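Colleague: Sharing a model prediction with you, sequence too.
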Amino acid sequence: MQKKIIFLVLASLCWFSIAAFASEIRIGYTADALSLDPANHRERTTETIIRNMFDGVLTRSSDMKIVPELAESWQQLDSLTYEFKLRQGVKFHSGDEMTADDIKFSLERVINEGALEGQTSPRKSLLGTLKEVKVIDPYKVHMILSEPWPILPAFLPWHEIVSKKFAEKVGVKGMSTQANGNGPFKLVQWDRGSQIVMERFNDYYGGAADLEPVGAAQVDRLIWKIIPENASRVAALLSGNVDIINDLPVHSISQVNQSSNAKVLTVNGTRSFFSDFNHQKAPFNNLLVRQAINHAVDVNLIIEKILGNRATRLNGILSPNAFGHNPTLPEYSYDPEKAKSLLRQAGYPDGFSMTLDTVGAYKDLAEAVVSFLAPVGINAKVQVWESSVLKAKWLAEDNQRDMWLSSWGNGSLDPVGLLVPKLRTKARGNYGKYSNAKIDELIDAANIEPNREKRAAYYQTAESIINREAALLFLWLPQEVYGVSKRLSGWVPSPDGRINLHDAAIN
């Protein structure tokens, strides 16, 4: 009898241990985080992972509306000053309360030169002309600009708040691998290249008051499984090993929709696709060659046949939904004969050989692009790289690569988030080393212009020049496509690519 009781107790304890994590969401994700330090990266996939552990002063709803998060409210006092009143009782995962000192520390850690132990944050430009954060009292700050920058609220959702006490204790190196956040989930384990495990933070203040439900997360645990290869992610979803996958290939949409345990969710995205040209290297420093390649690729056919008409053709770099988009840009029509003529005029009557670089998730798209180059005499091949290795090669001063099929997200839908990093001279994402003094002048003027009509005009003129110079191979703006388990509820995709799982539940 006693043995039976002991067995039942042990069994119940075992059941309790399993039940404690019965509510679990598994995400099949294309890439691992580069760092867990909110101030020390510039990548959307990293941002998505971090944002489930850290909150910002402001956030966005799934329909892109800006709402207070760690702030209770905000107002603009004058052209250079914004005031933010903070929530009281917000705790970090360590149990320490968040105050205005943490806001000041976190944002000045981004904007101050050398603030990361001699390194300047790669996110500095995402705070524009912010020069100082003043603590007014423990729950109120003023953000002071050096020049008018009317889009500060639109960019604050991309900046998470860290614990000043914790960051000073562990230093920059510690911040890269440890997380003491104030978000709905806390870090448990990070196996680089394999998975990131998070648990619900039960003392979470609840999140943005405007976004229901408010309170602790709906599930006990998140597991981010790093699965870069498309077929493997789809297989993991269909087998029930994961509950969400991002970057669902279009050719797998019908397979997922026809399955018994998964479905497809889509939303209009904010990520522009294009191919960088190496403007430092022949033949891509020749305008006629760049124009020829734009005419050689049948972008509309790729959108129809490969992307399943789930994308919008771009004739520039900005989304048609972005502020300042120029709707009058001419399209580089598919015209192989014109492409051949332009190559002859450029001095390449017999074409040339080249390599189109890309990452694993875009391999199929890159192969579709190069399939159109052979008919005009360009012998092209695709080379797939790991993202960080490829970036290093293209950022090198003596970069000898040819073209790179890639993308860039612009979650704010403001041109400063895309034109500045991609096409301003020597900008951090200007991998092809494109440089035009007029473009720089227009971008800089628009950056501080408070008049919306004037700002829009600056950007529209800039896009006209970029189009005319064929600064990139202009491609498309796709929908964000996800595969989702039918047992998941409470989550909808966001145009900015974030996977915010605070509200998600398992049925």
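Modeller: All right, it came through fine.

Colleague: What segments of the stretch 151-300 of the chain are strands?
Modeller: Using DSSP state E, counting those that start in this stretch, the strands of the stretch 151-300 of the chain run over residues 185-191, 195-200, 221-226, 244-245, 262-268, 271-277.

Colleague: now residue 422: how far from residue 400?
Modeller: Remark: distance between residue 422 and residue 400 (Cβ to Cβ, to the nearest Å) = 21 Å. For every residue, glycine as well, the C-beta is placed using N, CA and C.

Colleague: how many other residues sit next to residue 114?
Modeller: By other Cβ atoms under 10 Å, the residues close to residue 114 number 9.

Colleague: residues contacting the residue lying closest to it once chain neighbours are set aside?
Modeller: If the residues on either side of it in the chain are set aside, residue 114 comes closest to residue 120, at 5.8 Å by Cβ to Cβ, 6 or more residues apart in numbering. Residues in contact with residue 120 (Cβ atoms under 8 Å, 6 or more residues apart in numbering) are 112, 113, 114.

Colleague: Which one's more surrounded, residue 422 and residue 400?
Modeller: residue 422 (24 against 10).

Colleague: what about the more buried one, which helix or strand?
Modeller: Element membership of residue 422 [criterion: DSSP states H and E] is helix 419-423.

Colleague: can I assume residue 144 sits in a helix?
Modeller: No - according to DSSP: H, G, I helix; E, B strand; the rest coil, residue 144 belongs to no helix; its state is strand.

Colleague: what's the spacing between it and residue 102?
Modeller: Taking Cβ to Cβ, one finds residue 144 at 18 Å from residue 102.

Colleague: which of the two has more neighbours?
Modeller: Legend: neighbour count by other Cβ under 10 Å for residue 144 and residue 102, higher for residue 102 (24 against 15).

Colleague: The more buried one and residue 167 touch, don't they?
Modeller: No - if you go by Cβ atoms under 8 Å, residue 102 and residue 167 don't touch, sitting 9.0 Å apart.

Colleague: Of the contacts of residue 120, which is the nearest to residue 286?
Modeller: Closest approach between the contacts of residue 120 and residue 286, by Cβ to Cβ: residue 113, at 38.0 Å.

Colleague: That closest one: what's it in contact with?
Modeller: Residue 113 sits in contact with residue 120, where contact means Cβ under 8 Å, 6+ apart.

Colleague: Apply 10 Å and report the result again.
Modeller: Neighbour list for residue 113: 119, 120, 121, 124 [criterion: Cβ atoms under 10 Å, 6 or more residues apart in numbering].

Colleague: What of residue 173?
Modeller: Residue 173 neighbours (Cβ under 10 Å, 6+ apart): 37, 117.

Colleague: where in this structure is pLDDT low?
Modeller: 1-22 (pLDDT under 70).

Colleague: Residue 291 and residue 332 touch, don't they?
Modeller: Yes - using Cβ atoms under 10 Å, residue 291 is in contact with residue 332, at 7.2 Å.

Colleague: Return every residue with contacts to both of those two.
Modeller: With Cβ under 10 Å, 6+ apart as the test, residue 291 and residue 332 both reach 338, 339, 470.
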